[in-house]
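K.L.:
With the sequence up front, the predicted model follows.
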Amino acid sequence: MIILVGYATVEGQTRKIAEAVASAVESTGNHALLFDTALGGEYAVEHPVAAILCAPVHAARFPGSFAAYVGQEVAWLNTVPSAFVSVSMLIRSEFEEEREEATHFPDTLLSETGWKPRLIHRAAGALRYREYDFFKRWIIRRMAAHENAPTDVTRDHEFTDWTALAAFVQQFLASAKA
């Protein structure tokens, strides 16, 4: 079975997550087509028989190019087994109201595009301090301090639960084959 693993990324963590999803798909004997949705274009093969799309949330929104891709492909996405991995730092917040807010980030995207994925996984991303410019690093560090998250700007900090992500992929594959 060929499964599209489409992603959008801002700082690279969602690409890393999509690569892990593709690896988990391949480990089961299926084939993963890793695809950056920001590049657009056509696939080198016919539409895959299933899809797992991954995108990060920044300022409560998914990247515009990702939303445009979902809107363009929604008819196909709703006819095949599909799943969504929403990547947000708030999903790991110590504050219940922020975690609750993060669980609803996909709602607007799904409402605006009409996409109905079978499963949604909410993954924590990473603090990529070394990739931020001075101003962004300063703001993110202040926000991290408020959340009791790491503030050491000399290195990056990753929060993705890789075991939960792998379990999600297995759950999706079982659902897609059923």
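P.N.:
Structure's in. What do you need? Residues are numbered from 1 along each chain as shown.

K.L.:
need the contact list for V70.
P.N.:
Contact criterion CB atoms under 8 Å, 6 or more residues apart in numbering gives 37, 53, 77, 109, 113, 115 as the residues in contact with V70. All C-beta atoms are positioned from the backbone trio N, CA, C, and that covers glycine.

K.L.:
Can you lay out these as CSV showing pLDDT and secondary structure?
P.N.:
As requested, the contacts of V70 are arranged in CSV below (pLDDT from 0 to 100; DSSP: H, G, I helix; E, B strand; the rest coil):
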residue, pLDDT, secondary structure
T37, 92, helix
L53, 98, strand
L77, 95, helix
L109, 95, helix
T113, 96, helix
W115, 98, coil
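
K.L.:
Using CSV, lay out those together with neighbour count and distance to E97.
P.N.:
Rendered in CSV, the data for the contacts of V70 read as follows (neighbours: other CB atoms under 10 Å; distance: CB to CB, whole Å):
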residue, neighbour count, distance to E97
T37, 24, 30
L53, 27, 27
L77, 25, 31
L109, 20, 21
T113, 20, 26
W115, 21, 26
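
K.L.:
Can you tell me which of those is nearest S93?
P.N.:
Distances from the contacts of V70 to S93 were compared by CB to CB; the smallest belongs to L109, at 20.1 Å.

K.L.:
burial of the closest residue to S175 other than its chain neighbours, as a residue count?
P.N.:
Beyond its immediate neighbours in the sequence, the residue positioned closest to S175 (CB to CB, 6 or more residues apart in numbering) is R118, lying 5.8 Å away. Residues near R118, counting by other CB atoms under 10 Å, number 14.

K.L.:
Who are the contact partners of the most centrally placed residue in the chain?
P.N.:
Nearest to the mean C-alpha position of the chain, counting by CA atoms, centre = their mean, stands C54 at 2.9 Å. Contacts for C54 (CB under 8 Å, 6+ apart) come out as 5-8, 14, 17-18, 21, 84-85, 87.

K.L.:
Ranking by neighbours, what's the top pick from the residues you listed?
P.N.:
In terms of neighbour count, V87 stands highest of the contacts of C54 at 30 neighbours, by other CB under 10 Å.

K.L.:
Now for that residue: which residues touch it?
P.N.:
With contacts defined as CB under 8 Å, 6+ apart, V87 is in contact with 13-14, 17, 54-57, 123-125, 160.

K.L.:
Give me the domain ranges for this structure.
P.N.:
For the chain, whose domains are defined here by automatic domain parsing, the residue ranges read 2-125+160-177, 128-159.

K.L.:
which one of these has the most crowded surroundings?
P.N.:
Per residue and on average, the most neighbours among these fall to domain 2-125+160-177, with a mean of 18 (mean count of other CB atoms under 10 Å).

K.L.:
The residue nearest to V85 when sequence neighbours are not counted: which element?
P.N.:
Leaving aside its sequence neighbours, V85 sits nearest to C54 (CB to CB, 6+ apart; 4.1 Å). Secondary-structure element containing C54, defined by DSSP states H and E: strand 50-56.
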